[in-house]
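Asks: sequence first, then the predicted structure, then my questions.
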Amino acid sequence: MLPLVEKYRPHTLADVVGNDALVQRLQYFAEHGNLPHLLLTGTPGLGKTTIALCLGNQMLGEHRAEAFLELNASDERTLSDIREKVRTFAQKQVTLPPGKHKIIFLDECDAMVEGAQQALRRIMDDEATTTRFCLACNTISKIIEPLQSRCCILRIIPPTNEQLVKRLGYICEQEGITFDTVSLQELADRSKQDVRLAVNNLQAVADANDRIVSLEGLNRTMPIIDPTIINTILSLTLNGELDQAWKKTDELLASGFTPDDVLASLTSHVISPTEKYNDVVRAILLKIIATAHSRIKTVVSTPLQVCRVLAEIYIQAPRR
């Protein structure tokens, strides 16, 4: 049985959740042809890959198998990969209707080395009459300027909670899952506007609770950190009681929460309007947490990162 995230992956642009103006623009290209090179950018889970695949399906139709190449640039990222696989496909002869071109989709192209990006730039110029490139990246600053300037840059934004809840409700109806709107709204909130994560979470909650999605089942399957515990940890830290602060943090980690979960809860606590931090303290706390979050995402996620956050908060943050 297919996971829900694959079963309900959109196959046409009309099925894409959110980004209505961008989708409308791509539908025009799919219908009328003359597609420019594209660069899709946005955080993971927003549907960059899905949008590219839907565009290929809709634009090429019955010719898709022979005229569409998908490569994950984080795997095929060397200079030889670009020269051998990409150029070979770009030079392949395919008969297409007027205004249509072969499409090469390079996912995660921000992982490509600079030499490979430079080679790709040359291929884009040499094969422009027959081939269009669709690039996707999480971090556009890692794409060299010559590639950016050759592409129409499309920024993928998160769907609204309303759009996400509507999609989750549709999936529930198709799968015979009992639900209520409040529970789906909470599920969307906890998924941080990540469509892929939201659908995976929906399946996890439904499977664990006899095909029922409720707040009770949601809290049992996807527990969140109690805000009062986060408040206690920060208060202890600011008061210099680091041993007690770390003890409570360690208890959270031992109960199954990740360092990323703890940092996300710290962020939510600090930006909450009900917390009476002055602007200076709030700015310092957010900078410390954001830096740690970056380290976790790019280097390694360990409890030591959270321990460092508590120490830096005590050292750097003035008292409220």
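Replies: Arrived safely, thanks for sending. Residues are numbered from 1 along each chain as shown.
Asks: who's in contact with stretch 125-143?
Replies: Judged by CB atoms under 8 Å, 6 or more residues apart in numbering, the contacts made with stretch 125-143 from elsewhere in the structure are 35-44, 48-49, 52, 55-56, 73, 87, 89-91, 94, 101-111, 117, 120, 124, 147-148, 150-151, 153. Using the backbone N, CA and C atoms, a C-beta is placed for each residue, glycine as well.
Asks: separate out the buried members of those.
Replies: Among the contacts of stretch 125-143, those classed as buried by neighbour count (16 or more other CB atoms under 10 Å) are 35, 37-42, 48-49, 52, 55-56, 73, 87, 89-90, 101-111, 117, 120, 124, 147, 150-151.
Asks: narrow these to those in strands?
Replies: Among these, the members falling in strands are Leu38, Leu39, Leu40, Thr41, Lys102, Ile103, Ile104, Phe105, Leu106, Asp107 (criterion: DSSP state E).
Asks: wait, what's in contact with the third one?
Replies: I take that to be Leu40. Applying CB under 8 Å, 6+ apart, the residues contacting Leu40 are Lys48, Ile51, Ala52, Cys134, Leu135, Ala136, Cys137, Leu154, Ile156.
Asks: ok, of those residues, which one's closest to His293?
Replies: Cys137 (19.7 Å; CB to CB).
Asks: want to throw the contacts of Leu40 into CSV with pLDDT and distance to Ser294?
Replies: Converted to CSV, the contacts of Leu40 look like this (pLDDT from 0 to 100; distance: CB to CB, whole Å):
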residue, pLDDT, distance to Ser294
Lys48, 93, 21
Ile51, 95, 27
Ala52, 95, 27
Cys134, 96, 28
Leu135, 95, 24
Ala136, 95, 21
Cys137, 94, 17
Leu154, 95, 25
Ile156, 94, 21
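Asks: buried only: go through the residues you listed for me.
Replies: Lys48, Ile51, Ala52, Cys134, Leu135, Ala136, Cys137, Leu154, Ile156.
Asks: filter those down to the ones in helices?
Replies: In helices, judged by DSSP state H, the following of these are found: Lys48, Ile51, Ala52.
Asks: now those in TSV, with distance to Pro259?
Replies: Formatted as TSV, the entries for those read as follows, by distance: CB to CB, whole Å:
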residue	distance to Pro259
Lys48	26
Ile51	31
Ala52	32
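Asks: helices or strands up against the helix or strand bottoming out on mean pLDDT in the chain?
Replies: For the chain, the helix or strand with the lowest mean confidence is helix 79-81, at a mean of 73 (criterion: mean pLDDT, DSSP states H and E). In this structure, helix 79-81 packs against helix 114-126, with contacts taken as 3 or more CB pairs under 8 Å, 6 or more residues apart in numbering; DSSP states H and E.
Asks: now the angle from the helix it packs on to strand 102-107?
Replies: Here helix 114-126 runs at 160 degrees with respect to strand 102-107, directions being taken by axes from the mean of the first three to the mean of the last three CA atoms, to 10 degrees.
Asks: for Ile230, give me its contacts.
Replies: When contacts are taken as CB under 8 Å, 6+ apart, Ile230 is in contact with Ser265, Leu266, Ser268, His269.
Asks: how about the second one, phi and psi?
Replies: In this case it means Leu266. Main-chain torsions, Leu266, degrees, to the nearest 10: phi -60, psi -40.
Asks: give me the distance between the nearest residue to it once chain neighbours are set aside and Glu186.
Replies: Using CB to CB, 6 or more residues apart in numbering and skipping residues adjacent in sequence, the residue nearest Leu266 is Ile289, 5.3 Å away. Shown here: Ile289 relative to Glu186, a distance of 24 Å by CB to CB, to the nearest Å.
Asks: ditto for Leu71
Replies: Spatial separation of Leu71 from Glu186 under the definition CB to CB is 38 Å.
Asks: got it, and Gln244?
Replies: Counting by CB to CB, the gap from Gln244 to Glu186 is 31 Å.
Asks: ok, those two, which is more surrounded?
Replies: Taking neighbours as other CB atoms under 10 Å, Gln244 and Glu186 compare with Glu186 leading, 19 against 15.
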